[in-house]
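Participant: Generate coordinates for the sequence data below:
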Amino acid sequence: MIDHLGFPVADYPRSRSFYEQALAPLGYAVVMEVTREMTGAYQGCGFGPVGGRPQFWVGEGGGEACVAGMHIAFSAATRAAVDAFHLAALAAGGRDNGAPGLRPHYHPHYYGAFVIDPDGHNIEAVCHRTESP
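Facilitator: Reported below is the predicted structural model:
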């Protein structure tokens, strides 16, 4: 249903660094970057699977306000990747918002971890597998 999404951040270099570190354990990296010269106003980068297309964008707001409180969940192939995401996001400056673990109130195999990013957004990694391979 959703092709890609993005949101403005208060400090683009800080947020880019945060997401580069936090999403690496999930196999996501910067796969495209645009400059102000290219767009006329906007500077940002798109993350996606290595070798894939950008699906998640962060960038300068171009005058737009950065509103905290958005929630986004990134798919993880394994529970170990969820654990690694959580550690990497904390090391990159995120704040804990829910340690890795099962969330059976969603479904019996929902394994997720939550962090608050530098702009106050609730960022999650989730694995829906019954067991990690």
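Participant: Can you give the distance of the helix or strand bottoming out on mean pLDDT in the chain from its chain's centre?
Facilitator: Taking mean pLDDT, DSSP states H and E as the measure, helix 36-39 is the helix or strand of the chain with the lowest mean score, a mean of 86. Once both centres are worked out by CA atoms, centre = their mean, to the nearest Å, helix 36-39 turns out to sit 24 Å from its chain's centre.
Participant: Following element in sequence after that helix, please.
Facilitator: The helix or strand immediately downstream of helix 36-39 is strand 44-49, counting by DSSP states H and E.
Participant: name the helices or strands packed onto the next helix or strand after that next one?
Facilitator: Sequence-wise, the next helix or strand beyond strand 44-49 is strand 56-60, with elements assigned using DSSP H and E. Contacts of strand 56-60 with other secondary structure elements, assessed using 3 or more CB pairs under 8 Å, 6 or more residues apart in numbering; DSSP states H and E, are made with strand 5-9, helix 12-23, strand 44-49. Backbone N, C-alpha and C define where each C-beta goes, glycine included.
Participant: Figure out which of those is closest to residue 113.
Facilitator: The closest of the helices and strands packed on strand 56-60 to residue 113 is helix 12-23. By CB to CB, the value is 10.5 Å.
Participant: which parts of that closest one are buried?
Facilitator: Across helix 12-23, burial judged by 16 or more other CB atoms under 10 Å covers 12, 15-16, 18-23.
Participant: Turn the helices and strands packed on strand 56-60 into TSV, including mean pLDDT and distance to residue 101.
Facilitator: Below are those laid out as TSV (pLDDT from 0 to 100; distance: least, CB to CB, whole Å):
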stretch	mean pLDDT	distance to residue 101
strand 5-9	90	26
helix 12-23	96	18
strand 44-49	96	25
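Participant: a markdown table please, covering the ones you listed and showing distance to residue 106.
Facilitator: Putting those into a markdown table (distance: least, CB to CB, whole Å) gives the following:
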| stretch | distance to residue 106 |
| --- | --- |
| strand 5-9 | 21 |
| helix 12-23 | 21 |
| strand 44-49 | 24 |
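Participant: Residue 109 touches residue 101, doesn't it?
Facilitator: No. Counting by CB atoms under 8 Å, residue 101 is not a contact partner of residue 109; they are 12.0 Å apart.
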